[in-house]
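J.: dropping the sequence and predicted coords here.
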Protein chains: 2
Amino acid sequence: MQKGNAKISMAVIRRLPKYRRYLAELLDRGVHRISSRELSKIIGFTASQIRQDLNNFGGFGQQGYGYNVAALYEAIGKILGLDRKYNTIIVGAGNLGQAIANYTNFEKSGFIPKAMFDINPKLIGLKIRDIEIIDADKMEEYIKENNVDIGIICTNKEQAQAVADRLVKSNIKGIWNFAPTDLDVPEKVMLENVHLSESLYTLSFLLKHNRID
Amino acid sequence: MQKGNAKISMAVIRRLPKYRRYLAELLDRGVHRISSRELSKIIGFTASQIRQDLNNFGGFGQQGYGYNVAALYEAIGKILGLDRKYNTIIVGAGNLGQAIANYTNFEKSGFIPKAMFDINPKLIGLKIRDIEIIDADKMEEYIKENNVDIGIICTNKEQAQAVADRLVKSNIKGIWNFAPTDLDVPEKVMLENVHLSESLYTLSFLLKHNRID
DNA sequence: TAGATTGTTAATCGATTAACAATC
DNA sequence: TAGATTGTTAATCGATTAACAATC
């Protein structure tokens, strides 16, 4: 997929979903082709950066024409690995876990929540949509039997590392971590953090210093 | 607070909450002083970067000694604007809005959820903890009467820009946006996005390409 | 063909790391 | 004092932007 074996920088990777989002919008509006210059105007990256970014993965454009919106949308989806389904479990069935279980957009993109896990007896047995909350004791067994790809950690920070260790032992492929702590996992396990308070504190910094970017 | 009037880069700003988090942990463990070298080992930034980062805001350390953990923790809190309280409202009382309302950690850091707003008659009048869900029609009035600093957008992407426009008109100071879209706000209004699907797609990229960082 | 726009190389800019004099 | 470690300048590295030949 990517050209040669050059390592793609995280900066580029994190821009890809945004390209895909704007391309989806163009598709909706019935736009069939777009130049890097026009895309630059709506997405806010420089045209040069857009061409550089895309060229990490191949030549999707055509000189004198630009890019085919549908084809590029499709290609970026594949690059991001959105051309397949992922089985996921949510660990921690509190408010955040339930909110994620209820958020059907992820499922539409191919991330299927198969089950939730919790230690609270009051929650075990309940269902969010059709997703059952199961006793956390049965997590390892469930992961192996159901081919779970991604574990979503929605516990508090105290329990997060122990959960991560158990996910790793069960051969999980990726962890999406919402607990406000940094997890230690072997490098073969992919880890993505959502540190909400860090985001909020960044906003509060900007408010205090009245930064205009 | 910051040295001279040099512009602090976003890269530095986004590292500050992580410094604060690790310093809090050290405080808990009763550690009173730490050198950039030791901190480097636990936080994973280079000692050089730590010293550079902190020196953007002043000389908090002492040669031959290192940094006083409590004093540095305090100082970073102030830099981040965590030495005061912020009145916030949550717009959109669906699952995500409710999860945020229930997450008491933000309140502990000084971000007080004063009210929630929704257009759904079934939700209006309900309370999450002691936070009332109010008819969205009354939002502008409420913001002005209650000195609201931050609006947290938890609507779907279709409604997000209209909500942002109304928040801006009501003189909100900052917006924390969870809707999966980019908002257009005047530069005097600070904006911080939490794009969950972009984070999830990044994880899926890493899974597909088996990246080891 | 002439015009438009890519793909790609080169130049610039900014962020990170290294080095070390200052100093506790 | 001697050792440790900062604050800060200089060097390096990486990411972004500019430029333009290739080409549709």
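T.: It's in. The structure presented is a predicted model; accordingly, all values stated were derived computationally and were not measured.
J.: quick check: A:Leu206 touching B:Glu192?
T.: Yes: applying Cβ atoms under 8 Å as the test, A:Leu206 and B:Glu192 come out as touching, 7.0 Å apart. All C-beta atoms are positioned from the backbone trio N, CA, C, and that covers glycine.
J.: what's the overlap in contacts for the two?
T.: Residues within reach of A:Leu206 and of B:Glu192 at once, by Cβ atoms under 8 Å, 6 or more residues apart in numbering or on different chains, are B:Gly174.
J.: neighbour count: these two, which is higher?
T.: Set side by side, A:Leu206 and B:Glu192 show more neighbours around A:Leu206, with 22 against 18, by other Cβ atoms under 10 Å in any protein chain shown.
J.: is the most far-flung residue of chain A relative to its centre within a helix or a strand, and which one?
T.: For chain A, the largest distance from the centre (Cα atoms, centre = their mean) belongs to A:Gly64, which lies 34.3 Å off. For A:Gly64, there is no host helix or strand (DSSP states H and E).
J.: roughly how far does it sit from A:Ile50?
T.: As judged by Cβ to Cβ, to the nearest Å, A:Gly64 and A:Ile50 stand 17 Å apart.
J.: ok, A:Leu80 - contacts?
T.: By Cβ under 8 Å, 6+ apart, A:Leu80 lies in contact with A:16-17, A:20, B:201, B:204-205, B:208.
J.: hmm, back to that, and the residue farthest from the centre of chain A, how far from A:Ser35?
T.: A:Gly64 is 10 Å from A:Ser35, by Cβ to Cβ.
J.: ok so, going back, what's the closest of the contacts of A:Leu80 to DNA strand D?
T.: Nearest to DNA strand D out of the contacts of A:Leu80 is A:Leu16 (Cβ to the nearest atom of the strand; 12.1 Å).
J.: the longest helix seen in chain A - contacts with which helices or strands?
T.: When every helix of chain A is counted residue by residue (DSSP state H), the longest turns out to be helix A:10-28. For helix A:10-28, the packing partners by 3 or more Cβ pairs under 8 Å, 6 or more residues apart in numbering or on different chains; DSSP states H and E come out as helix A:36-43, helix A:47-55, helix A:69-79, helix B:196-209.
J.: deepest of the ones you listed, which one?
T.: helix B:196-209 (a mean of 22; mean count of other Cβ atoms under 10 Å in any protein chain shown).
J.: that helix - contacts with which helices or strands?
T.: So helix B:196-209, by 3+ Cβ pairs under 8 Å, 6+ apart, packs with helix A:10-28, helix A:104-108, strand A:174-177, strand A:190-193.
J.: tell me the strands beside the next helix or strand after the longest one, with direction?
T.: Using DSSP H and E, the helix or strand that follows helix A:10-28 in sequence is strand A:33-34. Neighbouring strands of strand A:33-34 in its sheet, by DSSP bridges, are strand A:66-68 (antiparallel).
J.: which residues are contacting the partner strand?
T.: Contacts for strand A:66-68 (Cβ under 8 Å, 6+ apart): A:32-36, A:38-39, A:54, A:60-62.
J.: let's have the residues you listed in JSON lines, adding distance to DNA strand C.
T.: Shown next, in JSON lines, are those (distance: Cβ to the nearest atom of the strand, whole Å):
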{"residue": "A:His32", "distance to DNA strand C": "13"}
{"residue": "A:Arg33", "distance to DNA strand C": "8"}
{"residue": "A:Ile34", "distance to DNA strand C": "7"}
{"residue": "A:Ser35", "distance to DNA strand C": "3"}
{"residue": "A:Ser36", "distance to DNA strand C": "4"}
{"residue": "A:Glu38", "distance to DNA strand C": "7"}
{"residue": "A:Leu39", "distance to DNA strand C": "7"}
{"residue": "A:Leu54", "distance to DNA strand C": "5"}
{"residue": "A:Phe60", "distance to DNA strand C": "5"}
{"residue": "A:Gly61", "distance to DNA strand C": "3"}
{"residue": "A:Gln62", "distance to DNA strand C": "6"}
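J.: related to what we said a few turns ago, for B:Thr181, find the nearest of the helices and strands packed on helix A:10-28.
T.: helix B:196-209 (10.7 Å; Cβ to Cβ).
J.: what is the nearest of the contacts of strand A:66-68 to chain B?
T.: Of all the contacts of strand A:66-68, A:Leu39 has the smallest distance to chain B: 13.6 Å, by Cβ to the nearest Cβ.
J.: separation between the closest one and B:His195?
T.: Relative to B:His195, and taking Cβ to Cβ, A:Leu39 is found at 18 Å.
J.: what's the answer for A:Met10, then?
T.: Distance, A:Met10 to B:His195, using Cβ to Cβ: 15 Å.
J.: higher neighbour count, those two?
T.: Set A:Met10 next to B:His195 and count neighbours by other Cβ under 10 Å: B:His195 wins out with 20 against 13.
J.: show me what contacts the more buried one?
T.: So B:His195 contacts A:17, B:180 (Cβ under 8 Å, 6+ apart).
J.: ends of stretch A:119-135, how far apart?
T.: 6 Å (Cα to Cα, to the nearest Å).
J.: from the chain's centroid, how far away is that stretch?
T.: Centre-to-centre, stretch A:119-135 and its host chain are 24 Å apart (Cα atoms, centre = their mean, to the nearest Å).
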